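Visitor: A structural model of the following input is requested.
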Amino acid sequence: MLLALITDQVTKWVVIENLAVGQSWPETGILRFTHAWNTGTAFSLFQGQGDILTWVSLAAVGILTWIYRSIKDPHWVLRLAFGLQFGGAIGNIVDRVRIGHVTDFLDVGWWPIFNIADSSIVVGISLMIVYFWFLDEGSKSDDTFNNSTTDLTESAAVTTSTESPE
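Guide: Residues are numbered from 1 along each chain as shown. Okay, here's the model as predicted:
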């Protein structure tokens, strides 16, 4: 979380100090650093809704905290995923509170301009999806084991009750 947050804030500071709003470096090419202000959400949706988005972001951090705390002994992939999401969300909240908008600067071809915080959130969500779809075998195997044990216990009980004492 701290690495994502610090990297986000330092890179935004470098952009603010070295590029005017709207300025790109280099001026052309598929990958540029372009100083942009974003008063909306990711991909510049909902522009001008900064106050509402700050509260929604704070609520999302609260929900993430609640979910994370409900997981017993989280796998390292989940810890990384949550850390990236926390760091990214907090980085963008800091911008909204401190300067009234989020500073975006990563300009890749036709893709909307974004920042390290946005990337951290997307990578964190992607890691969670990968974990729950492909890596979380514990809950599946526990259910299979519990069902097999129950079936064996029920079979033994039926066999015992139907046998005649001869």
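Visitor: switch to C-alpha atoms for all contacts and neighbour counts from now on
Guide: OK.
Visitor: List the buried residues in stretch 7-21.
Guide: Applying a neighbour-count criterion of 16 or more other Cα atoms under 10 Å, one finds 7-9, 11-12, 15-16, 19 buried in stretch 7-21.
Visitor: Inside helices: which ones of those residues?
Guide: 7-9, 11-12, 15-16 (DSSP state H).
Visitor: List the contacts of the nearest residue in space to residue 19 that is not next to it in sequence.
Guide: Nearest non-adjacent residue to residue 19, counting by Cα to Cα, 6 or more residues apart in numbering: residue 35, 6.1 Å away. For residue 35, the contacting residues are 15-16, 19-24, 103-105, by Cα atoms under 8 Å, 6 or more residues apart in numbering.
Visitor: mind running it again at 6 Å?
Guide: Counting by Cα atoms under 6 Å, 6 or more residues apart in numbering, residue 35 touches 21-23, 105.
Visitor: neighbouring contacts of stretch 89-101?
Guide: Outside of stretch 89-101, the residues within contact range by Cα under 6 Å, 6+ apart are 5, 38-39, 102, 117.
Visitor: got a winner among these for most neighbours?
Guide: For the contacts of stretch 89-101, counting by other Cα atoms under 10 Å, the largest number of neighbours falls to residue 117: 29 neighbours.
Visitor: Now do the SS call for residue 28.
Guide: coil (DSSP: H, G, I helix; E, B strand; the rest coil).
Visitor: Does residue 37 fall in a helix, a strand, or a coil region?
Guide: strand.
Visitor: Where do the strands of the protein begin and end?
Guide: Using DSSP state E, the strands found in the chain span residues 24-25, 31-38, 102-108.
Visitor: So for the second one, what gets flagged as buried?
Guide: Residues of strand 31-38 classed as buried under the neighbour-count rule (16+ other Cα under 10 Å) are 32-38.
Visitor: any chance of these in JSON lines, plus pLDDT and distance to residue 94?
Guide: Output for those, formatted as JSON lines (pLDDT from 0 to 100; distance: Cα to Cα, whole Å):
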{"residue": "32", "pLDDT": "96", "distance to residue 94": "24"}
{"residue": "33", "pLDDT": "97", "distance to residue 94": "21"}
{"residue": "34", "pLDDT": "96", "distance to residue 94": "20"}
{"residue": "35", "pLDDT": "97", "distance to residue 94": "17"}
{"residue": "36", "pLDDT": "95", "distance to residue 94": "16"}
{"residue": "37", "pLDDT": "92", "distance to residue 94": "14"}
{"residue": "38", "pLDDT": "88", "distance to residue 94": "13"}
